[in-house]
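> coords please:
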Amino acid sequence: MATIYGSLFQNSDPVHGFQLDGRGGVLPIDLNASATQNNPFWLHYDYKNQQSKQWIQQTDLLNDTAKAALSGEEGRWRILRAGDGLLLTLQTLNNNPGHSPEQLVAFRIFINNRLVISSRHRKVQSLETVVSEFSMGNGAESTADWLVETADAVTDEISEFTDTLHDRLISIEDSLLHDQIPERGELALLRKQIIVIRRYMAPQRDVFSRLATEKLLWVDDASRLRMQEISDRLGRCIEDLDGFVSRTAIIADEISSMMTEMMNRRIYTMSMLAMVFLPTTFLTGLFGVNLGGIPGNEFRFGFSLFCILLTCLIGIVVWWLRKSRWL
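Reported below is the predicted structural model:
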């Protein structure tokens, strides 16, 4: 197997470029340093950077399939064996400013026992967490550890967002208990986020599950066990998301029922008001025909007496409706 020197990455312009020190920290890549299983390289690129993309397409460290994936030309969900390594395509939440979490970000990984090359365009917050762990000396000690730590960071991000979705569901349900309908579009956005996250995390769970069983000499049993635990944790998040979809359907039905009930209540109230004023409308129409012979036409207090009679008639109608339990 050819030796991998730091000089091979000259002028590749990585976003991050480290050599693991084997103790949880990282070192700057020395041009004369060589990658070993205990001290592998990690190079992280932005494939929209022309200098980085050119290096990816010209390097002899990758085959054509890996070059296409790391250059952003191939974005399908997959896990492929590539010689002694793996080629992965993963996705996580888009927590960049001005974007919605469900607008997922993808990043590609080529990994073997001595080398990790990853690429993305939009910033991946999960990988920034991995970098921060290195700065504190608590990072991965090998490429297998790096893969597990990355999968764990992605799953933590999904799990936290799942908890956020649950809190929003609880808030909407509590509002409905107090006869408060959520703002227009709030439930639709929530349901969209749930469905999109569930749609793309299910294949990722399968990727993690396969990583736990993939026979690679540089992945030890402890890393496989941790990867299976991560896959199971992501599976529980997916089960929660399935439950959230059902709950949003119930909430939508409840909102529809509340809207229908409110409309029926308004129509009923208007019908009762029409019934209350129906006799008075008849009498005022009858006495307003402006023909001779109207009773009380020449009586000084005729209009006042007529108003009093109408008020009494309204009172009688209201009393009758209440007695009949229509009001």
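> Where does pLDDT dip in the chain?
Of all residues in the chain, those with pLDDT under 70 make up the ranges 1, 74-77, 289-293, 296-297, 327.
> for it, what spans make up the strands?
Assignment of strands within the chain using DSSP state E yields the ranges 16-20, 26-28, 41-46, 78-82, 85-92, 105-111, 115-120.
> Nearest to residue 247 among those would be which one?
Between residue 247 and these, the shortest separation by Cβ to Cβ is 24.1 Å, and it involves strand 85-92. The way it works is simple: take the backbone N, C-alpha and C, and place the C-beta from them, glycine included.
> tell me what that closest one is packed against?
Under the contact definition 3 or more Cβ pairs under 8 Å, 6 or more residues apart in numbering; DSSP states H and E, strand 85-92 sits against helix 64-70, strand 78-82, strand 105-111, helix 143-177, helix 186-213.
> Could you check how many residues crowd around residue 151?
24 (other Cβ atoms under 10 Å).
> Pretty sure residue 230 is one of the things it touches, is it not?
Yes - the pair residue 151 / residue 230 is scored as a contact, 5.0 Å apart, by Cβ atoms under 8 Å.
> Need the residues touching each of these two.
Between them, residue 151 and residue 230 share the neighbouring residues residue 208, with contact defined by Cβ atoms under 8 Å, 6 or more residues apart in numbering.
> among the helices and strands packed on strand 85-92, which is nearest residue 287?
Closest to residue 287 of those, according to Cβ to Cβ: helix 143-177, at 50.2 Å.
> My understanding was that residue 212 contacts residue 224; is that so?
Yes - under the criterion of Cβ under 8 Å, residue 212 makes contact with residue 224 at 4.9 Å.
> returning to what we had before: any chance of JSON lines for the helices and strands packed on strand 85-92, columns distance to residue 307?
Converted to JSON lines, these look like this (distance: least, Cβ to Cβ, whole Å):
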{"stretch": "helix 64-70", "distance to residue 307": "87"}
{"stretch": "strand 78-82", "distance to residue 307": "84"}
{"stretch": "strand 105-111", "distance to residue 307": "74"}
{"stretch": "helix 143-177", "distance to residue 307": "46"}
{"stretch": "helix 186-213", "distance to residue 307": "50"}
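> Let me know which of those is tucked in deepest.
For the helices and strands packed on strand 85-92, the largest average neighbour count (mean count of other Cβ atoms under 10 Å) is found in strand 105-111, namely a mean of 23.
> Each with direction, which strands does it pair with?
strand 85-92 (antiparallel), strand 115-120 (antiparallel) (DSSP bridges).
> Compute the distance between the closest residue to residue 95 other than its chain neighbours and residue 93, please.
Ranked by Cβ to Cβ, 6 or more residues apart in numbering and with sequence neighbours excluded, the top spatial neighbour of residue 95 is residue 125, at 4.7 Å. Taken as Cβ to Cβ, to the nearest Å, the spacing of residue 125 relative to residue 93 amounts to 7 Å.
> Overlap of the contact sets of those two?
Residues touching both residue 125 and residue 93 (Cβ under 8 Å, 6+ apart) are residue 157.
> Looking at the two, which has the bigger crowd around it?
Remark: of residue 125 and residue 93, residue 93 carries more neighbours, 24 against 16, as counted by other Cβ under 10 Å.
> For that one, give me its contacts.
Applying Cβ under 8 Å, 6+ apart to residue 93 gives the contacts 101, 102, 104, 105, 125, 157, 158, 161, 197.
> State the distance from it to residue 35.
To residue 35, residue 93 is 31 Å away according to Cβ to Cβ.
> Over to residue 198?
Distance from residue 198 to residue 35, counting by Cβ to Cβ: 38 Å.
> ok, now residue 270?
Counting by Cβ to Cβ, the separation of residue 270 from residue 35 is 80 Å.
> just residue 242 next, same as before
Residue 242 is 43 Å from residue 35, by Cβ to Cβ.
> Name the residue in those two with the higher neighbour count.
In this view residue 242 and residue 35 are compared by other Cβ under 10 Å, and residue 35 has more residues nearby, 23 against 13.
> tell me the contacts of the more buried one?
Contacts here follow Cβ under 8 Å, 6+ apart; on that basis residue 35 touches 3, 4, 5, 19, 41, 114, 115.
> what's the closest of these to residue 144?
Proximity of the contacts of residue 35 to residue 144 was ranked by Cβ to Cβ; the top entry is residue 114 with 11.6 Å.
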